[in-house]
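Chemist: Provided below for reference: sequence and predicted model.
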Amino acid sequence: MKTIFAGSLPMATATISLSLLCGISGTQRRQSPQAVSPPGAAAASPAGSSASGRVLRLAFDALQVSNLERSVDYYKALGFAVEGNPNTAWTSDEVTNRLLATKGALSRTAALTIANAYSGKPFTLYLREFKGIERKNWSDLTPWDPISNHFGLTVADADALWVRLQAAGILRPRTWGGKLIPRPGQTTGGLAYIMDPDGMNVEIVGQRPATPTAPAERLGLNHIGLVVLDSDKSKAFYGTLLGAQFPQTPSDWLSGDFYDSVVGSHGNILRLFNGIFSESAAPNERMRLELVEFKNAGRKEIGSYRLSDIAVNCIGFEVDDLDAAYSRLTAAGVSTWSEGGVVKLQDGTRAVVVRNPDVGFFTELFEKPKR
């Protein structure tokens, strides 16, 4: 398969996702992903739509970085693998720049992969660095600021990973005391928010071992998380328009020391909405998109931001009919980011970037060429 985010890289197969406090499912009253969409049940389809224009799968996540080599080294330390032999030379591609609205920019990209925790198949994370254009730096966002994003990673031995990152001088914890926070009923392992070199949050979750009544948690990327302002707007975009399956039961507001300690602050009030899409490398398995809504005082007012800005991300979805999907979104008032709308890439893939109507998250829709 071909990636459409890079416009020229081969499609890799892996990346990120868990969620603020995925590991604490036992401490909150909410439906599990299995209750929302059992394996094999989710080729996401927009509510009320015809068969055309469906989202087939959540295909990738892409993160804009300030130093490509540094970010690649960081994610390799977390267990990601570099896809192929990346060419990190600076290039300028007019078509890709129209897709990303980065006119005149030079860029370079690396594709990394890591196992999806549900399927074991690889999921792709793209890291992209730009130069030659003005870029804002959003690396100082807190975990509760709008447009902040994260992904969750379940690891076999969180304590050992913690020690390795610390020894390498790249551990940047947000947690109380800079330590892993044990989950209820545990004394080791646990979970924590840590920051990548550009301030993006990675939620490290130590694997919960098997019990007589439940298997051990699966390792790998568990979800992609987005901090939203208006959960109804965001659910309408990712659910009604793009087809994510969200639980029908209301989500409770959560608070307390455990939630505060994981993100290293006080007074958090939050709720989680987990939407389920099919996953790129295993369409009968799930990929979880978590929307996190905070009701915290003192959240930053986020001004305008661009796809090329540091620490901004873009999620990619493959669709079966791009024209139908794009028409549905524009009819609903969703704004287009790409210059001139849909563009055709060198490999025949057609793609467009649009923005979530809540806080403006970037979303790429693409359709691969028919064979």
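Modeler: Right, received. Where do you want to start? Numbering: from 1, shown residues only.
Chemist: Which pLDDT does the model give the spatially most central residue of the chain?
Modeler: Centroid-nearest residue in the chain: Ile224, 3.2 Å away (criterion: C-alpha atoms, centre = their mean). You'll see Ile224 listed with a pLDDT of 96.
Chemist: Contact partners for the closest residue to Pro143 other than its chain neighbours?
Modeler: Leaving aside its chain neighbours, Pro143 sits nearest to Val263 (4.4 Å; criterion: C-beta to C-beta, 6 or more residues apart in numbering). (Each C-beta comes from the backbone N, C-alpha and C, glycine too.) Listed by C-beta atoms under 8 Å, 6 or more residues apart in numbering, the contact set of Val263 reads Leu20, Thr142, Pro143, Trp144, Arg174, Thr175, Tyr193, Asn201.
Chemist: Can you check what pLDDT the model gives Val263?
Modeler: At Val263, the pLDDT recorded in the model is 92.
Chemist: and what of the one 5 residues further on?
Modeler: Asn268 carries a pLDDT value of 93.
Chemist: do the same with the one 5 residues further on
Modeler: The predicted local distance difference test score for Phe273 is 97.
Chemist: State the three-state secondary structure for it.
Modeler: For Phe273, the secondary-structure state derived from DSSP: H, G, I helix; E, B strand; the rest coil is strand.
Chemist: Let me know whether it touches Asp252 as I believe.
Modeler: No - with contact defined as C-beta atoms under 8 Å, Phe273 does not count as touching Asp252 (11.3 Å).
Chemist: So those two - more neighbours on which side?
Modeler: The neighbour count for Phe273 versus Asp252, taken as other C-beta atoms under 10 Å, is higher for Phe273 (24 against 12).
Chemist: Can you spell out which residues form a bridge with the more buried one?
Modeler: Here Phe273 sits in beta bridges with Leu291, going by DSSP bridges.
Chemist: Just the CA trace of stretch 205-218, in PDB.
Modeler: C-alpha atoms of stretch 205-218 as PDB (Å, rounded to 0.1, in the frame of the first residue of the first chain):
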ATOM      1  CA  VAL A 205       0.900   1.500  30.500                       C
ATOM      2  CA  GLY A 206       2.500  -1.500  32.100                       C
ATOM      3  CA  GLN A 207       0.900  -4.700  31.000                       C
ATOM      4  CA  ARG A 208      -1.600  -6.100  33.400                       C
ATOM      5  CA  PRO A 209      -0.800  -9.800  33.800                       C
ATOM      6  CA  ALA A 210      -3.200 -12.600  33.200                       C
ATOM      7  CA  THR A 211      -5.600 -13.600  36.000                       C
ATOM      8  CA  PRO A 212      -7.800 -16.700  36.400                       C
ATOM      9  CA  THR A 213     -10.600 -14.800  34.800                       C
ATOM     10  CA  ALA A 214      -8.900 -12.600  32.100                       C
ATOM     11  CA  PRO A 215      -5.900 -12.900  29.800                       C
ATOM     12  CA  ALA A 216      -3.000 -10.500  30.000                       C
ATOM     13  CA  GLU A 217      -3.400  -7.200  28.200                       C
ATOM     14  CA  ARG A 218      -2.100  -7.100  24.700                       C
END
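Chemist: tell me the pLDDT at the residue sitting furthest away from the middle of the chain?
Modeler: Farthest-out residue of the chain from its mean C-alpha position, per C-alpha atoms, centre = their mean: Pro212, at 32.7 Å. Listed pLDDT for Pro212 reads 90.
Chemist: and what of Arg30?
Modeler: Arg30 carries a pLDDT value of 29.
Chemist: and what of Leu9?
Modeler: 37.
Chemist: Number of residues surrounding Tyr74?
Modeler: Taking other C-beta under 10 Å as the criterion, the count of residues near Tyr74 is 23.
Chemist: re earlier: from the contacts of Val263, which is closest to Asp157?
Modeler: Using C-beta to C-beta, the shortest approach to Asp157 within those belongs to Thr175, at 17.3 Å.
Chemist: how near is the closest residue to that closest one other than its chain neighbours to Ile181?
Modeler: Of all residues not flanking Thr175 in the chain, Ala192 sits nearest, at 4.4 Å (C-beta to C-beta, 6+ apart). Distance of Ala192 to Ile181, computed by C-beta to C-beta, to the nearest Å: 6 Å.
Chemist: Quick check: neighbours shared by the two?
Modeler: Among the neighbours of Ala192, those also in contact with Ile181 (C-beta under 8 Å, 6+ apart) are Thr175, Val262.
Chemist: what's the following helix or strand after the helix or strand bottoming out on mean pLDDT in the chain?
Modeler: The weakest-scoring helix or strand in the chain, judged by mean pLDDT, DSSP states H and E, is helix 33-36 (a mean of 37). Later in the chain than helix 33-36, the nearest helix or strand by DSSP states H and E is strand 55-64.
Chemist: who's in contact with the helix or strand just after that following strand?
Modeler: Using DSSP H and E, the next helix or strand after strand 55-64 towards the C-terminus is helix 68-77. Outside helix 68-77, the residues that touch it by C-beta under 8 Å, 6+ apart are 63, 65, 82, 86, 88, 108-110, 112, 125, 127-129, 164-165, 168, 170, 196-198.
Chemist: how distant is helix 68-77 from the center of its chain?
Modeler: For helix 68-77, the separation from the chain centroid amounts to 17 Å (computed by C-alpha atoms, centre = their mean, to the nearest Å).
Chemist: Need the residues that contact the next helix or strand after it.
Modeler: Sequence-wise, the next helix or strand downstream of helix 68-77 (DSSP H and E) is strand 81-82. With contact meaning C-beta under 8 Å, 6+ apart, strand 81-82 is reached by Ala14, Val72, Lys76, Ala110, Ala111, Leu112, Thr113, Ile114, Pro122.
Chemist: The stretch 51-200 of the chain: helices as residue ranges?
Modeler: Ranges of helices within the stretch 51-200 of the chain are 68-77, 94-100, 158-167, based on DSSP state H, counting those that start in this stretch.
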